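*Asks:* Here is the input, now give the coordinates:
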Amino acid sequence: MNGFVFISLLFKIKSMVLQQIENRCNAKANELINKYFSNLAKENTVERPEEIGEYTLDLPHKIEAEYYAYLKSIWSEIVPEGSPSFEENIDKKGLSDTMTIDDRKTLLSAYEEAMRRTIWERLTKTNHKDVAYYKSLLKRYTKDLLLALRYDFMEEVEKIISDDNNEKTYTPKPIDTSGIELPAELQQLVEQLAHNVHENWALGRLNDGWTYGPERDDTLKKHPCLVEYDDLPDSEKAYDRHTAIETLKLILKLGWIITLPSSRSDQPTT
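*Replies:* Next up is the predicted model:
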């Protein structure tokens, strides 16, 4: 990697250090798991379905494909032009193949039991136990797929950030704010700051000629997040909130005092 490309890379990742990238990846993985599996508890305890419904064996790979596309969008934000493509670095098929044979056999066996309804199970309506067990394995298998994909992605991102060449590297060293807890009365301020983070980002993009597009396109300067803050996906709001929370934590860590506006002087201060 030559000096110009390296400097360009550092500029692009300046506001997105490794931990922030990982937080976004974790948030998206949780969003997908909740999207497809959040109803399992209700099904198991209330509805007790006898058939698997939409929870087919190909569901994990459908979810994995959504996650793969999301990671690819992050990759396009941090990797300079001329670098190896996302597909060249992240082999989704190879990652899927790393799942143990035992895991796949256990899932397949549970699937076959859930699909097989004996006469007794039909009469007593007890096949829901096999169905519930199969769905729980399917959820675990899906989480493992996303975890393997995330680990490989973060490993490649870390290589980019660290730069294995002999060039001078940049190692982010943010002040540790893990021991700081924000008072409950600052939660409204967190949301206001997160909203403003998005507004400033969007204004900068618009001033640079970007416009809204359903998919990111760097050539045409299209971006799906050029919308109102309230219309952002939860994963993007979480990223802006994280920025706001870390800012407030740092202020408190450095000994500054945050007080409520005078119009709310009857409220406790920090």
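
*Asks:* Can you check my assumption that T45 lies in a strand?
*Replies:* No. Membership of T45 in a strand is not supported by DSSP: H, G, I helix; E, B strand; the rest coil, which gives helix.

*Asks:* which element follows the least confident helix or strand in the chain by mean pLDDT toward the C-terminus?
*Replies:* Of the helices and strands making up the chain, the lowest-confidence element is helix 3-13, at a mean of 46, by mean pLDDT, DSSP states H and E. Counting by DSSP states H and E, the next helix or strand C-terminal to helix 3-13 is helix 18-37.

*Asks:* Centre of the chain to that following helix, how far?
*Replies:* 2 Å (Cα atoms, centre = their mean, to the nearest Å).

*Asks:* Tell me the spatial nearest neighbour of I21, not counting adjacent residues.
*Replies:* Once flanking residues are discounted, I21 sits nearest to V157: 5.9 Å by Cβ to Cβ, 6 or more residues apart in numbering. The C-beta positions use only the backbone N, C-alpha and C, and glycine is treated the same way.

*Asks:* Give me the angle between the helix or strand hosting the one you found and helix 18-37.
*Replies:* Element membership of V157 [criterion: DSSP H and E] is helix 128-162. With axes from the mean of the first three to the mean of the last three Cα atoms, to 10 degrees as the basis, helix 128-162 and helix 18-37 are set at 160 degrees to each other.

*Asks:* So which bits of helix 128-162 are buried?
*Replies:* 128, 130-132, 134-135, 137-139, 141-143, 145-146, 148-150, 152-153, 156-157, 160-161 (16 or more other Cβ atoms under 10 Å).

*Asks:* I'd like the average pLDDT over it.
*Replies:* The average pLDDT for helix 128-162 rounds to 85.

*Asks:* start at 44 instead
*Replies:* Sure, I'll start counting at 44 from here, so that last one is helix 171-205.

*Asks:* Tell me the first helix or strand C-terminal of that helix.
*Replies:* helix 230-250.

*Asks:* mind listing what's buried in that next one?
*Replies:* Buried residues in helix 230-250 (16+ other Cβ under 10 Å): 232-233, 236-238, 240-241, 244-245, 248.

*Asks:* With stretch 115-132 instead?
*Replies:* Those buried within stretch 115-132 under the rule 16+ other Cβ under 10 Å are 117-118, 122-123, 129, 132.

*Asks:* Same list, those, but as TSV with distance to N82, pLDDT and secondary structure please.
*Replies:* Shown next, in TSV, are the buried residues of stretch 115-132 (distance: Cβ to Cβ, whole Å; pLDDT from 0 to 100; DSSP: H, G, I helix; E, B strand; the rest coil):
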residue	distance to N82	pLDDT	secondary structure
I117	28	88	helix
W118	31	86	helix
V122	37	73	coil
P123	42	65	coil
F129	32	77	helix
N132	35	73	helix
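
*Asks:* which residues does R91 contact?
*Replies:* When contacts are counted by Cβ atoms under 8 Å, 6 or more residues apart in numbering, R91 touches 168, 171, 175.

*Asks:* switch to 7 Å and redo it
*Replies:* Taking Cβ atoms under 7 Å, 6 or more residues apart in numbering, we find R91 in contact with H171.

*Asks:* Now it: phi and psi?
*Replies:* Note on R91: its backbone torsions stand at phi 50, psi 60 [degrees, to the nearest 10].

*Asks:* chain center to the helix or strand where L114 lies: distance?
*Replies:* L114 belongs to helix 102-121 when assigned by DSSP H and E. Chain-centre distance of helix 102-121: 9 Å, with Cα atoms, centre = their mean.

*Asks:* which residues are contacting it?
*Replies:* Residues outside helix 102-121 that contact it (Cβ under 7 Å, 6+ apart) are 55-56, 59, 64, 67-68, 71-72, 75, 79, 129, 133, 135, 181, 184-185, 188-189, 192, 196, 200, 203, 259, 261.
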